[in-house]
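Student: predicted structure and sequence below. I'll ask about it afterward.
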Amino acid sequence: MSGAHRTGHRRVYEGKVLSVDVDQVVEPGDVAATREVVRHRGSVATLAVDDEGRVALVRQYRYAVDEALWELPAGRRDGDETPEAGARRELIEETGLRAGRMELLAEFFTTPGFCDERMSVFRASGLTPGAAQPEADERIELRWFTRAEIAAMLKDGTLREGKTLVALLMEQAR
């Protein structure tokens, strides 16, 4: 199946984190449509697992959902950095942890119905603690969780953020 043919394009917003385009397209099957697309440079996340099998999660307030959520250390890629370099940087910024080993767990589109964001999720091990370096507008709480605590949080719905669910379910399946 071949891709869509764009017949019109208008950028309606360009910001620090994302841009929004409104495109006129003809999609496979001769479907003519208007598509609103959020453009994003890509993001990374890290499942940090210590020698005891505990997982590091961070809790921070998320304005879009008006809640503080437990999630993986994560963020957007900067410039031309590789996904692994971005994941290492975000891990240090949000937790202070440095990883001896990084393994790619998954690459996926976060919300392909309206956004082109591609996320790379890594598993970090061989961890060395250090000082976190959060951005000025970040208030981050770091906590280590055992496998039993993670399983309970998955079961009771405490964990509700997508990248975190993907990574933790993949880790459980290991």
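Tutor: Nice, I can see it.
Student: use CA for all of it now, contacts and neighbours both
Tutor: Will do.
Student: distance from the chain centre to stretch 87-94, please.
Tutor: 12 Å (C-alpha atoms, centre = their mean, to the nearest Å).
Student: okay, Ser2: pLDDT?
Tutor: What the model reports for Ser2 is a pLDDT of 66.
Student: with Glu135 instead?
Tutor: 74.
Student: cool, the one 5 residues further on as well?
Tutor: Ile140 carries a pLDDT score of 90 in this model.
Student: residues in contact with it?
Tutor: Counting by C-alpha atoms under 8 Å, 6 or more residues apart in numbering, Ile140 touches Val58, Arg59, Gln60, Glu94, Pro134.
Student: who wins for neighbours among these?
Tutor: Neighbour counts for those peak at Glu94, which has 24 neighbours (criterion: other C-alpha atoms under 10 Å).
Student: which residues does the one helix or strand it maps to contact?
Tutor: If you go by DSSP states H and E, Glu94 is part of helix 83-95. The contact list for helix 83-95, computed with C-alpha under 8 Å, 6+ apart, reads 43-46, 58, 73-78, 97-99, 102, 120-122, 130-135, 140, 142.
Student: which parts of that helix are buried?
Tutor: Residues of helix 83-95 classed as buried: Pro83, Glu84, Gly86, Ala87, Arg88, Arg89, Glu90, Leu91, Ile92, Glu93, Glu94, Thr95 (neighbour count, 16 or more other C-alpha atoms under 10 Å).
Student: tell me the pLDDT of the spatially most distant residue from the centre of the chain.
Tutor: Going by C-alpha atoms, centre = their mean, the residue of the chain most distant from its centre is Asp30, 33.6 Å out. Model confidence at Asp30, given as pLDDT, is 92.
Student: wait, doesn't Phe108 sit right on Ser120?
Tutor: Yes: with contact defined as C-alpha atoms under 8 Å, Phe108 counts as touching Ser120 (6.8 Å).
Student: quick one: which of these two has more around it?
Tutor: More neighbours surround Ser120 than the other of Phe108 and Ser120, with 25 against 13 (other C-alpha under 10 Å).
Student: my read: the more buried one touches Thr110, true?
Tutor: No: assessed by C-alpha under 8 Å, Ser120 is found out of contact with Thr110, at 10.0 Å.
Student: how about residues contacting stretch 154-163?
Tutor: With contacts defined as C-alpha under 8 Å, 6+ apart, stretch 154-163 is touched by Ala45, Leu69, Trp70, Glu71, Leu72, Thr110, Val121, Met153, Leu165.
Student: go again with 7 Å.
Tutor: Residues from elsewhere that reach stretch 154-163, judged by C-alpha atoms under 7 Å, 6 or more residues apart in numbering: Trp70, Glu71, Met153, Leu165.
Student: and the end-to-end length of it?
Tutor: For stretch 154-163, the separation between the terminal residues is 13 Å (C-alpha to C-alpha, to the nearest Å).
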